[in-house]
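Q: Output the structure for:
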Amino acid sequence: MDHPEKAKESREFKINFYSGYREEETPRSIHVGNREFQIEEILWRKRAFDPKSGRISEIFKCKIEGEVVEIRREEQGEWSIHFSKNSSIPSKI
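A: This next block holds a predicted model:
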């Protein structure tokens, strides 16, 4: 399942998922522009509650091209990708 979103710096991205009996279970790859980045490994996943906003997010820490990336899904269905400050992935995109 694909979800087009606007990334920072006006780069469009979409996330492809493995979907089992529930929708959007596990992210498998990220497309940024015309490049595809495979998710090599899911390091961990968790559901987090933000007491300030009252919202629940699902967070995935993933390894992509040897870099750790955080993929966050807000309960409204919005997705965001967060690269570490030292990540080389944004410069490759």
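
Q: Just give the nearest non-adjacent residue to the residue nearest in space to the middle of the chain, would you?
A: Nearest to the mean C-alpha position of the chain, by CA atoms, centre = their mean, lies residue 71 at 2.8 Å. Among residues not flanking residue 71 along the chain, residue 60 sits closest, at 4.4 Å (CB to CB, 6 or more residues apart in numbering). C-beta: built from backbone N, CA, C; applies to glycine.

Q: How about the contacts made by the residue nearest to the centre of the chain?
A: Counting by CB atoms under 8 Å, 6 or more residues apart in numbering, residue 71 touches 15, 27, 30, 59, 60, 62, 79, 80, 81, 82.

Q: what about it, which SS state?
A: strand (DSSP: H, G, I helix; E, B strand; the rest coil).

Q: re the thing from before, can I get the contacts of residue 71 in TSV including neighbour count and secondary structure?
A: Formatted as TSV, the contacts of residue 71 follow (neighbours: other CB atoms under 10 Å; DSSP: H, G, I helix; E, B strand; the rest coil):
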residue	neighbour count	secondary structure
15	22	strand
27	22	strand
30	23	strand
59	14	strand
60	19	strand
62	23	strand
79	19	strand
80	15	strand
81	22	strand
82	13	strand
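
Q: can you redo these as TSV with pLDDT and distance to residue 41?
A: Shown next, in TSV, are those (pLDDT from 0 to 100; distance: CB to CB, whole Å):
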residue	pLDDT	distance to residue 41
15	87	16
27	89	11
30	90	14
59	93	15
60	94	11
62	94	7
79	85	19
80	86	20
81	87	16
82	86	17
